[in-house]
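Novice: Here you go, sequence then predicted model.
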Amino acid sequence: MTPFRWLLAMAILAVCGPLSAHDFWIQPSAFDAAVGAPIALRLMVGEDFTGESLAPPARSIIRFDAHDDLGRRPVTGLSGVDPAGLISGRRQGLLTVSYQSRPSFIELAAEPFEHYLREEGLEHVIAMRVRRGESAAPGRELFSRSAKSLITIEDGGEATAGAPALGLALEFLSAHAETPVAGSPFELELLFRGQPVADVLVVAMPKADPSSSQRLRTDSEGRVRVDLTLPGPWLLKAVHMLPTPPSTAAQWESWWASLTLSIPAS
């Protein structure tokens with residue numbers, strides 16, 4: 001862990017509990033499974049696609065769902081228990097798991113807050129703090145997390161990777177007609193409250209080699225093109241932040257999105 005990541009973790013730990021400073025993602029026990037086979041769903045926090053599982057209480061969760069062409073259904077799970085959920089595929093095709101947390105408040109001292117903003121590609125917030133004369137002031141923030149995971153159910157790798165928008169605050173959307181393979185481009189759209197959002201940093205990280213992560217920005221239509229250089233699991237992540245109304249205790253509100261999927265070898 002880098003020194004500033006450690007500092008950020010310790011600062012957030014003081015107010016938000018263990019590990020909440022890191023990346024967040026859904027880790028299924030299998031990215032492909034037979035119809036009816038149980039799939040454990042862990043909610044992970046960590047860095048470089050390695051971490052520890054969380055067991056969040058039900059009160060911190062807005063939704064934890066599974067989606068297929070038969071519709072939406074809640075993920076089975078118990079509050080505060082790891083793994084956080086259990087699901088199975090009802091039929092062949094794509095199963096999309098989605099999660100949304102409730103907002104949490106955090107206050108960070110100026111230096112770790114500025115480091116965090118730079119790491120997550122939020123230079124526009126740094127510039128706004130300069131214009132407001134707040135560069136030396138602590139950062140007060142509301143943050144919430146959205147996560148999705150794509151799971152193929154018993155169809156020989158021919159599942160569609162395209163899935164409809166699920167109404168998460170910030171979410172990745174793929175329009176691909178079939179699961180991409182290693183070495184192929186993967187085009188995604190980033191939606192904020194259902195609308196494409198431009199100039200947001202997207203980090204694409206392969207489990208096999210996190211050091212080869214790609215740092216890309218969405219274009220004017222909220223799109224980004226990732227080169228899937230390696231087979232196996234991938235984590236894609238993004239953070240979007242906006243100023244809050246003047247009457248709000250927090251100065252900023254951020255939304256964190258992640259997407260996990262596994263890319264078959266060509």
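Specialist: Alright, I've got the coordinates.
Novice: switch to C-alpha atoms for all contacts and neighbour counts from now on
Specialist: OK.
Novice: Please enumerate the helices of the protein.
Specialist: Secondary structure of the chain by DSSP state H: the helices cover 3-16, 110-119, 123-132.
Novice: Buried residues, the second one. List them.
Specialist: What that stands for is helix 110-119. Neighbour counts using 16 or more other Cα atoms under 10 Å place 110, 111, 112, 113, 114, 115, 116, 117 of helix 110-119 among the buried residues.
Novice: Repeat that for the last one.
Specialist: Neighbour counts over helix 123-132 (16+ other Cα under 10 Å) mark 125, 126, 129 as buried.
Novice: Reformat the residues you listed as JSON lines; add pLDDT and distance to residue 197.
Specialist: Converted to JSON lines, those look like this (pLDDT from 0 to 100; distance: Cα to Cα, whole Å):
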{"residue": "125", "pLDDT": "97", "distance to residue 197": "16"}
{"residue": "126", "pLDDT": "97", "distance to residue 197": "19"}
{"residue": "129", "pLDDT": "97", "distance to residue 197": "21"}
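Novice: quick check, nearest of those residues to residue 263?
Specialist: The shortest distance between residue 263 and any of the buried residues of helix 123-132, using Cα to Cα, involves residue 125 and amounts to 34.2 Å.
Novice: ok, the closest one touching residue 117?
Specialist: Yes - under the criterion of Cα atoms under 8 Å, residue 125 is in contact with residue 117, at a separation of 7.3 Å.
Novice: Can you pull the residues that touch both of those two?
Specialist: Jointly contacting residue 125 and residue 117 under the rule Cα atoms under 8 Å, 6 or more residues apart in numbering is no residue at all.
Novice: What's the separation between the closest residue to residue 94 other than its chain neighbours and residue 194?
Specialist: Once its chain neighbours are removed from consideration, residue 94 has its nearest residue in residue 152; the separation is 5.0 Å (Cα to Cα, 6 or more residues apart in numbering). Per Cα to Cα, to the nearest Å, residue 152 is found 25 Å from residue 194.
Novice: ok, these two, which is more surrounded?
Specialist: residue 152 (26 against 14; other Cα atoms under 10 Å).
Novice: Who are the contact partners of the more buried one?
Specialist: Remark: with contacts taken as Cα under 8 Å, 6+ apart, residue 152 is in contact with 31, 32, 33, 92, 93, 94, 95, 159.
Novice: try it again with 7 Å
Specialist: 31, 32, 33, 93, 94, 95, 159 (Cα atoms under 7 Å, 6 or more residues apart in numbering).
Novice: Please tell me how far the second one sits from residue 99.
Specialist: Pointing back at residue 32 there. If you measure residue 32 against residue 99 using Cα to Cα, the figure is 19 Å.
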